[in-house]
Each structure stands twice: as C-alpha cells, then as structure tokens.
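Colleague: Sequence and predicted structure, then a few things I'm wondering about:
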Amino acid sequence: MSRSPFAGDAGESTSGAAGDAGESTSGTQRVVGGTAEMEALGRELGATLRAGDLVVLTGPLGAGKTTLTRGIGEALGVRGPITSPTFVLARTHPSLVGGPDLVHVDAYRLRDAVELDDLDIDYERSVVVAEWGHGLIEAESDSWLDVVIARPEGAGDDFDPADAPEEPRTVTITPHGPRWA
Ligand SMILES: Nc1ncnc2c1ncn2[C@@H]1O[C@H](COP(=O)(O)OP(=O)(O)OP(=O)(O)O)[C@@H](O)[C@H]1O
Ligand SMILES: [Mg+2]
C-alpha cells in the first residue's frame, strides 16, 4: 500500500528536477470530465493516502482543487464539509473512522514560511492537502504528491468559476520523495 497507483513510472523520471515540479508534465495524466469525476478522482487518490502524506494542489482559480479535496476527505472518512474558506488558512477535518485527520490548507493568502509555520500543522499525524502551496509547503516534508489541474487550451481568460460549467480538466500527478519510490 505504500506505492500510489498514480505513481506510474514517474518516480524515476522526475528525480532530476525534484523541488521544482509545479509545472511538471512528467507525472501521470488524467482527463477529468466534470465535477463528479473530479470528486471521484479525489476518492481514488484519498484511498491511497495515510498519515504523514502531503498533497500539493496547483491550478488557477476554480480549477477544481477544493472539489478534489472533497473527494479525498470522503475517502479518508473525515468530517465535512470541505469548503473554500475565505479567511481561514488551514482547517482540520477530524477523522470519523479512527484514521488520520485531513488538514486542508489554503495558502492563497499565505505570505511566507514563517506564517506557514505559525499554523502549527501536525504533518506526521495528518494527511495535509494544500491549495496554492507550491513552492512553499514542500519544504515541510521529504515526500509529497504534486497535483496540477489545468483547464483545456482555448477555454478563454474570461472564465468565471461562479458559472461553473461542467468542463474537462487535465490532472497531472507527480510523486516526489521516498514515500512514493
Ligand atoms: N472537470 C471539472 N473538475 C472540477 N470542477 C469542475 C469541473 N468542471 C466544472 N467544475 C466546477 O468548477 C468549480 C471548481 O471549484 P473549486 O472550488 O473546486 O476550485 P478551486 O481550484 O478550489 O478554486 P480556488 O482557487 O478559488 O480555491 C466548481 O464549481 C465545479 O463544479
Ligand atoms: Mg479552493
């Protein structure tokens, strides 16, 4: 159970670029058709996660980061709801099944490593999923999963997440570190 089914062959191919993979396309790619499918991917991913795991979510506003996190939370059996809080930087969703808690970080307003440190996150005993954490939160662990969510080319810049049309996303998952080796 230590190896993620998402790891594929990407473990080796990314070793040279460790620490700089937010934009990487070397991981496993999935096309995700809509909201429900994104949640399902989250459940699939969540089923492979255990205490100490860190997932870094990268993608533009409305990409589906929170939607994916919702699925992860369902698989872990934590208390919801998982939302996008406006002023909360990290929220702990306690396990309802005796497993690890889910710490959902929204680093959008996080300025630096000191502020991140102030959150006092228990990385060892939780599953940590961080939106907008790329380039900052990886320093907290020797292993993490990079999840990059992209909207298709030509979708336009005037995208309003509030409209939320069902629209495909490309999700690229790249594992880093010994946990996924
Ligand atoms: N294929 C898809 N995958 C995920 N969400 C989709 C998809 N198609 C449409 N949506 C819609 O896009 C929105 C994604 O919102 P969500 O809050 O998950 O994004 P986010 O990446 O967390 O945004 P933010 O950066 O503001 O936190 C939802 O309203 C969802 O219904
Ligand atoms: Mg969000």
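Modeller: Yep, that arrived. These numbers were taken from a predicted model, which means no experiment stands behind them. Ligands and ions are numbered 1, 2, ... in the order given.
Colleague: Find the nearest non-adjacent residue to the residue in the chain positioned nearest to ligand 1, please.
Modeller: Minimum separation of the chain from ligand 1 (Cβ to the nearest ligand atom) falls at G64, amounting to 2.8 Å. To be clear about C-beta, it is placed using only N, CA and C from the backbone, and glycine gets the same treatment. Using Cβ to Cβ, 6 or more residues apart in numbering and skipping residues adjacent in sequence, the residue nearest G64 is M38, 4.7 Å away.
Colleague: The one you found touches E167, doesn't it?
Modeller: No - counting by Cβ atoms under 8 Å, E167 is not a contact partner of M38; they are 10.6 Å apart.
Colleague: The two: who's more crowded?
Modeller: Remark: of M38 and E167, M38 carries more neighbours, 25 against 16, as counted by other Cβ atoms under 10 Å.
Colleague: May I have the phi/psi pair for that one?
Modeller: phi -70, psi -40 (degrees, to the nearest 10).
Colleague: so does stretch 78-86 get close to ligand 2?
Modeller: Yes - looking at stretch 78-86 against ligand 2 by Cβ under 5 Å from the ion, the contacts come from S84.
Colleague: hmm, that stretch touching ligand 1?
Modeller: Yes - Stretch 78-86 lies within reach of ligand 1 by Cβ under 6 Å from any ligand atom, at S84.
Colleague: quick one: that stretch to chain centroid distance?
Modeller: Put simply, stretch 78-86 sits 14 Å off its chain's centre (Cα atoms, centre = their mean, to the nearest Å).
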